[in-house]
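> just need the structure, nothing else, for what follows:
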Amino acid sequence: MIDFYGYARCDTCRKAQKLLDSLGVAYRFIDITEQPPTRAQLKAALTSGKYKLSELCNRSGVQYRELNMKEQLKTLSESEVLSLLAQNGRLCKRPFITDGKSIIVGFDADALRSTWG
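Numbering: from 1, shown residues only. As a prediction, the model looks like this:
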């Protein structure tokens, strides 16, 4: 089963859901603000080689700006950033989609099609 960490009012998440629905892909929607991806899932996204630490962050989010994450990313360790993300789903880039093997962070139609289409 695919876990889809998203936010119901997020247009990007809705686009990704619509695409998965059109492909007939079953997924479990998880509200990222209530239950963020685990530290292990975030670490797996990072170690996949497809994403940098800053790309796991919702850089356009209010909390990102309020916490001055742009500057904090320069001084915090990878471990500290992963812990922050795992504790605060509003800091995580969305959607965060995983089946336990593959992970896609953000909306990438081609990646969604090639991975689960």
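> which residues touch residue 57?
Going by CB atoms under 8 Å, 6 or more residues apart in numbering, residue 57 touches 64, 69, 73, 81, 85, 91, 92, 93. Where C-beta positions appear, they are placed from N, C-alpha and C, glycine not excepted.
> give me that answer again for 10 Å
Taking CB atoms under 10 Å, 6 or more residues apart in numbering as the criterion, residue 57 is in contact with 63-64, 69-70, 72-73, 81, 84-85, 91-93, 105.
> how close does it sit to residue 36?
12 Å (CB to CB, to the nearest Å).
> pLDDT wise, what is residue 117 at?
Model confidence at residue 117, given as pLDDT, is 86.
> test my guess that it contacts residue 102.
No: Residue 117 lies out of contact with residue 102 (CB atoms under 10 Å); the separation is 11.9 Å.
> what is in contact with those two at once?
By CB under 10 Å, 6+ apart, the residues touching both residue 117 and residue 102 are residue 111.
> okay, and the common contacts of residue 57 and residue 36?
Common neighbours of residue 57 and residue 36 are listed as 84, 85, 91, 92 (criterion: CB under 10 Å, 6+ apart).
> tell me which of those is nearest to residue 12?
Set against residue 12, the nearest of those by CB to CB is residue 92 (12.5 Å).
> which helix runs longest in this protein?
helix 11-22 (DSSP state H).
> hey, C-alpha coordinates of the helix or strand just after that one in CSV?
As assigned by DSSP states H and E, the chain's next helix or strand after helix 11-22 is strand 27-31. In CSV, the C-alpha atoms belonging to strand 27-31 read as follows (Å, rounded to 0.1, in the frame of the first residue of the first chain):
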residue,chain,number,x,y,z
TYR,A,27,-3.1,4.8,-1.6
ARG,A,28,-3.7,5.7,2.0
PHE,A,29,-4.0,9.5,2.6
ILE,A,30,-2.2,10.7,5.8
ASP,A,31,-2.5,14.3,6.9
